[in-house]
Every structure is written in C-alpha cells, then in structure tokens.
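1. predicted model and sequence below, questions to follow.
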Amino acid sequence: MSGSLFNATILDTLQATGNLGGVLVLEDSDTPKSNEEGACFSHDVNAPRGDGTPSSELSLNGFYSWNPRGNGLMQDDMTIPVSLVSLTDSVSVRYRASRNRDHGVDSRPTFFANMLYYFGGSGVDSSSCLLWTDRDGSKAPKCLPLGGQSVWGTLGARDPSKPIVMAAVGMDAANLFQDASHGANEAAGSIIALLAAADALSRVHSALESAPKQIAFAFFQAENYGYIGSRRFVADLNEFTCANLVLAEKNGGTPLCLDPLRPSMAFTDLSIDSVDALITVDQVALDPSAPLVVHSAGDASAIVSEAVLASSDASTGEVG
C-alpha cells in the first residue's frame, strides 16, 4: 500500500478479513506539501512525550498536542511483519502487484513477498534483544542500541567559576521506519537553529567573557525514547566511574575512558549544580505565521519569554 494509506484504520480493516499476512509500505513518488490537510502525518502519538509513552511522568503536560499530526501507529502492537519499500523498488513492486491483480483475486498470485522476520516470543525485551545469541551460541543482536553520539560544548574554554546556561536539542526523530525519519521539523530545524545561535554568539564571544554565566550547547540523541541522551548526560554528571582510564599524556593531552567508552572526560569539569538554567529547542521549523510557543518554569521563565518575543518580527509568541 501507499504510505499515505498506512494508518491504523486501514490496517484494522485488512486484518479483520483474516487474510493479511504482512504489509509492504511503498514510498510515494509525489510527496504532498506539508500544509495540505491530511497530507502529512507522523507515526508517533499525538502527545509523544506525554500520554502513552515511556516519558509520561517526565512530561510537562501528558495531553499537550506536541505532535498534532501524529496517528499513534508506533504505539500499536504489530502482530504482522511490516516493511518499507524504497521509492526505487516501489516501481517494480507496483508492477508486480498489477500483474497479480490482472490474474484475478481467486487465482494463485504470480509474485510473492517472503518476509523473514523474527524477534523472538512475546517475552523478548530490549535487553534480551541486544544480547541475542544464535543456536551455536554466537552473539547476534536482533536490534541496535539507541544513543551513544550525544555531544556538548561551551562557548569558549570552560570557566569553573561560572554557572552554565545550557541550550539543548534532540538530534533524532521518531518514526515507525527509522530509515525514513527525516524529522525536518522535529530534529533538523531545531539543530540548525541552535547551530545558528552558536555561530552568532561566537562572533561576539569577547563581549560575553565578562558575563556572570557561561553559555553551553548540547545535542542529545534518543530523546524521543525516554530522553535517553540527556538522562545519560545527567547520570554521568552525578556519578561516573571509569574502569579503564587513559591518561592525558598517553592520548595527546586529552584523557579518555575505555570502559565505559567516553572519548573525552571534559564532562567531569561540570556538575548538576553548575547548570543554572536549561533551554530546550524543539519544533521550530514551522510556517512563519505559526505561533512560537514557550513552556517555561523556574526563575528563567521571564527571561526566556522576553527573549523569544523579541527575537522575530515574523512570528508571534505564546507563553505557557
């Protein structure tokens, strides 16, 4: 089926026939414009950091519509194999499907799709999936770990005497098909916005040296899966033990840890108490006429609100 038809309603209808063995989702050649009603959708839930997610207890509001075009398909229990067919391969798949249709629905199909997927029984969880072993005892994981490539840095060399104001974004987007998670609004736009801010501030770095606080930037992975990147960062700041430390003089002047792997130990110069305020940027690649909403809490509320309202003449700001 076409990607635009891949939703829970149609899947339920097909499964009710008792004849559905799997689904091939075809990439569409004509990508609809994002402002066309019903044209664009997300497989994530309507409130991806709220109701029905691992982060429900961490969310500001469990029912806030962060993702208004989400259809929630990612939260469904898929009892059949589902695969995404690339745009190139979709052409040949459509042709073969038409050949089958020409032979009639009651005849034996000329072409078949053999979908060989197995992730174990109902009791398989993430840990057992990562530690999967074949019959001969060799390790052969059936899934990949999330995260591992989060990065952070300060504007200028770290000054331990100054508290940190950190601006952060998530680096990934959520989708039922991870190789098709373009995330132009959710991830890419936010990353570009933060990089632009870092570039602009770097040009006035000398003027900021006398500021009472230091600016830091962070790019976290797997934020859509329970804030894995940022929670790992906070855990490392709170308590980190290196079982295999490589001293600075043996690594070109920069110490690193081999177990667990940390290419740099610079985070040990930080602490949770040194982070005075945190600003997260998300879903900013919207239509210029759309409102920019700020959710703020704590002492930084007024400062952040004023900064956002004054940042653009093209957008209006809503503070929540």
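-> Yes, it's here. What you are looking at is a predicted structure, and each value in this text was computed from that prediction instead of being measured.

2. find the nearest non-adjacent residue to residue 11, please.
-> Leaving aside its chain neighbours, residue 11 sits nearest to residue 23 (7.3 Å; criterion: C-beta to C-beta, 6 or more residues apart in numbering). Using the backbone N, CA and C atoms, a C-beta is placed for each residue, glycine as well.

3. try residue 146
-> Ranked by C-beta to C-beta, 6+ apart and with sequence neighbours excluded, the top spatial neighbour of residue 146 is residue 222, at 4.0 Å.

4. so what does the residue nearest to residue 11 have for phi and psi?
-> Backbone geometry at residue 23, expressed as degrees, to the nearest 10, gives phi -130, psi 130.

5. identify the residues contacting it.
-> 1, 6, 11, 14, 80, 81, 82, 83 (C-beta atoms under 8 Å, 6 or more residues apart in numbering).

6. isn't the residue nearest to residue 146 right up against residue 147?
-> Yes: counting by C-beta atoms under 8 Å, residue 147 is a contact partner of residue 222 at 4.0 Å.

7. joint contacts of these two?
-> Here residue 222 and residue 147 have 228, 229 as joint contacts, going by C-beta under 8 Å, 6+ apart.

8. can you show me the strands along this structure?
-> Using DSSP state E, the strands of the chain run over 23-26, 82-85, 151-154, 164-170, 214-220, 245-246, 256-258, 261-262, 275-280, 292-294, 317-319.

9. can you tell me how far residue 102 is from residue 110?
-> Distance, residue 102 to residue 110, by C-beta to C-beta, to the nearest Å: 9 Å.

10. quick one: least confident helix or strand in the chain?
-> Ranked by mean pLDDT, DSSP states H and E, the helix or strand of the chain with the weakest confidence is strand 317-319, at a mean of 45.

11. hey, C-alpha coordinates of stretch 10-24 in CSV?
-> Presented in CSV, the C-alpha positions along stretch 10-24 are these (Å, rounded to 0.1, in the frame of the first residue of the first chain):
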residue,chain,number,x,y,z
ILE,A,10,-7.0,0.6,7.2
LEU,A,11,-4.8,-1.9,9.0
ASP,A,12,-7.7,-2.9,11.2
THR,A,13,-10.0,-3.3,8.2
LEU,A,14,-7.5,-5.5,6.4
GLN,A,15,-6.7,-7.6,9.4
ALA,A,16,-10.4,-8.2,10.0
THR,A,17,-10.5,-10.2,6.7
GLY,A,18,-8.2,-12.8,8.2
ASN,A,19,-6.1,-12.8,5.0
LEU,A,20,-3.5,-10.2,5.9
GLY,A,21,0.0,-11.8,6.3
GLY,A,22,2.1,-8.7,6.0
VAL,A,23,2.3,-5.2,4.7
LEU,A,24,4.7,-3.6,2.2
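
12. how about residue 225, nearest residue that isn't a chain neighbour?
-> residue 146 is the one closest to residue 225 (C-beta to C-beta, 6+ apart), at 5.4 Å.

13. list the contacts for the one you found?
-> 221, 222, 225, 228.

14. so for it, what pLDDT did the model give?
-> Looking at residue 146, its pLDDT is 79.

15. one step back: take the contacts of residue 146 and keep only those in helices.
-> residue 228 (DSSP state H).

16. the contacts of residue 146 into TSV, with extra columns for neighbour count?
-> What follows is these, written out as TSV (neighbours: other C-beta atoms under 10 Å):
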residue	neighbour count
221	19
222	22
225	16
228	22
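
17. and which of the contacts of residue 146 is nearest residue 187?
-> Nearest to residue 187 among these: residue 221, at 10.1 Å, using C-beta to C-beta.

18. for residue 148, see how far away the closest one is.
-> Relative to residue 148, and taking C-beta to C-beta, residue 221 is found at 7 Å.

19. show me this structure divided up by domain.
-> Under automatic domain parsing, the residue ranges defining each domain of the chain are 1-117, 151-285.

20. show the average pLDDT along the last one.
-> In this model, domain 151-285 carries a mean pLDDT of 88.

21. start and end of it, how far apart?
-> With C-alpha to C-alpha, to the nearest Å as the measure, domain 151-285 spans 22 Å from end to end.

22. what average pLDDT does stretch 10-17 get?
-> For stretch 10-17, the mean confidence score works out to 91.

23. what about it, distance to the chain center?
-> Computed by C-alpha atoms, centre = their mean, to the nearest Å, the chain-centroid distance of stretch 10-17 equals 29 Å.

24. number the residues from 10 up from this point.
-> Noted, 10 is the first residue going forward, which turns the last one into stretch 19-26.

25. buried residues in it?
-> By neighbour count with 16 or more other C-beta atoms under 10 Å, stretch 19-26 contains the buried residues residue 20.

26. quick one, what contacts the nearest residue to residue 237 once chain neighbours are set aside?
-> Distances taken as C-beta to C-beta, 6+ apart place residue 231 nearest to residue 237, at 3.6 Å, with adjacent residues excluded. Contacts for residue 231 (C-beta under 8 Å, 6+ apart) come out as 155, 156, 181, 237, 238.
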